[in-house]
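Student: With the input below, show me the fold.
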Amino acid sequence: MTTDRLIMGCDLSTLEDVEADGGRFFDGGKEGLCDDILISHGYSSVRLRVWNDPYDRSGKPYGGGTCDTEKMIRTAVRLKNKGMSFMLDLHYSDFWCDPARQGTPKAWQDMNLDEMCSALGEFTERTVSAFMSAGAAPEYVQVGNEITNGMLWDTAKLDRSTPEAFEESFARLAKLLKSGCEAVRRVSDAKIILHLEQSGRNAMWREWFDEAVKHGIDFDIIGASYYPLWHGSLATMKANLDDMVSRYGKDVMIVETAYPFTDRHFDPNSRQLMINDSFTPDDGSKPAWSFTPEGQAQYLRDLVGTAKTIGGGRCLGIYWWEPAWIPTPNSTWATREALADIGEEEKDTGNEWANQCLFDYDGNALPALDI
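Tutor: You can find the predicted model right below:
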């Protein structure tokens, strides 16, 4: 869907693995390719994440799409050839990056800050150039993923213990971000996105972007994750993004969102879903939309309506995160090898996201696709 100038996109980083593992997709009872179904419903842009080296030292994959450059190029070429625009999401890690983890790639772990800046710039330039050479030039490049708390921990982990500590730690982060942004500019005319989460916390966002501007980081778009079960109401999110547009003069994008269509586990014996029948928001509130196909569709309808009013039309688009990560036997968020390497051996593998897709557990298109 594209409403007025609002792009509707989706992150399909696990699609190749889901398809290889037997995932099938249907729309109105008719089987089709997932991307063709999404395009037929008006989705016009794809977002893909790239990890530096998502394999353990013996070459075993980490899962979660095992999003190396080669695989993501294949997906990007496929979707660009079908007319979709492309957002490249550089994590600068071998595995997931989010507010709770921003792991330094294995190859960079013994580097000092200056060496890491050089490595990050070289990796950025090489990776963006590889997509361009393959015929999949990105229209947008994210330099980092959900970097509210910094990146490449502990080198550029933000320290909020005192104002002085925050400024000192942000200076390290800024140096890395400038290396990445400058590398994008050297080889591409893609729009550069800086991406945070906690999209209702205006004071935190002001603190972060005030520092980014002070340090002269060259970027184009402010990217937000908005998950209402963690990030507050639509009104709070809108107020923050309105302020971002006004304060910094930048366009904004909601580069990640999703909402459940059920709280029923696809595997009752496993019960691995992140949002499930025992979930309660941190503030104890009742979710604003039901965990049903109709509730999911209403959430997206309300989000689109809100996004169109942000900044007087300065919200460029909405990207649903992993709408096609349906349950298959081996498409997991992490393999045992990955958990060992990131020190989270106590956690389970498996698919935690399947009930937040835009397809049900059997791959049938859900009503939200018709919004």
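Student: which residues sit in contact with Thr306?
Tutor: Taking CB atoms under 8 Å, 6 or more residues apart in numbering, we find Thr306 in contact with 234-235, 237-238. (Glycine included, C-beta is placed from N, CA and C.)
Student: right, and the secondary structure at it would be what?
Tutor: Secondary structure assignment for Thr306 (DSSP: H, G, I helix; E, B strand; the rest coil): helix.
Student: any idea how far Glu122 is from it?
Tutor: The gap separating Thr306 from Glu122 is 40 Å, by CB to CB, to the nearest Å.
Student: From Glu115, how far off is Pro218?
Tutor: Heads up, residue 218 is Asp, not Pro. Distance of Asp218 to Glu115, given as CB to CB: 22 Å.
Student: quick revisit: of the contacts of Thr306, just the buried ones, PyMOL syntax please.
Tutor: PyMOL command restricting those to the buried ones, with burial defined by 16 or more other CB atoms under 10 Å:
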select buried, resi 234+237+238
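Student: between the contacts of Thr306, which is nearest Arg336?
Tutor: Taking CB to CB as the measure, Arg336 lies nearest Met237 of those, at 36.7 Å.
Student: backbone phi and psi for Gly150, please?
Tutor: The phi/psi pair for Gly150 (degrees, to the nearest 10) reads phi 100, psi -170.
Student: Make 822 the first number, not 1, from now on.
Tutor: In the new count, where the first residue is 822, that last one comes out as Gly971.
Student: what's near enough to touch it?
Tutor: Gly971 sits next to 923, 977-979, 990-991, 994 when contact means CB under 8 Å, 6+ apart.
Student: again with Thr887
Tutor: Neighbouring residues of Thr887 by CB under 8 Å, 6+ apart: 838, 872, 875-876.
Student: Give me the subset of these lying in helices.
Tutor: Asp838 (DSSP state H).
Student: Could you say which of the contacts of Thr887 is surrounded by the most neighbours?
Tutor: When neighbours are counted by other CB atoms under 10 Å, Trp872 leads the contacts of Thr887 with 28 neighbours.
Student: That residue touches Phe916, doesn't it?
Tutor: Yes: Trp872 is within contact range of Phe916, at 6.0 Å (criterion: CB atoms under 8 Å).
Student: For those two, list the residues in contact with both.
Tutor: Tyr883.
Student: residue ranges for the strands of the stretch 872-1021 of the chain, please.
Tutor: When assigned using DSSP state E, counting those that start in this stretch, the strands of the stretch 872-1021 of the chain occupy the ranges 906-911, 918-919, 922-923, 961-964, 971-972, 977-978, 1012-1017.
Student: So which of the ones you listed is nearest Trp1029?
Tutor: Of those, nearest to Trp1029 by CB to CB is strand 1012-1017, at 6.3 Å.
Student: Doesn't Tyr1140 lie inside a helix?
Tutor: No: under three-state DSSP, Tyr1140 sits outside any helix and is assigned strand.
Student: From Ser834, how far off is it?
Tutor: Going from Tyr1140 to Ser834 by CB to CB gives 11 Å.
Student: what sits in contact with each of these two?
Tutor: Arg868.
Student: Run through the bridge partners of the most centrally placed residue in the chain.
Tutor: Geometric centre of the chain, nearest residue: Glu1077, 5.2 Å, by CA atoms, centre = their mean. Beta-bridge partners of Glu1077, counted by DSSP bridges, are Ser1046.
Student: what sits against it?
Tutor: By CB under 8 Å, 6+ apart, the contact list for Glu1077 reads 832, 967, 1018, 1045-1048, 1140, 1142.
Student: Lovely, talk soon.
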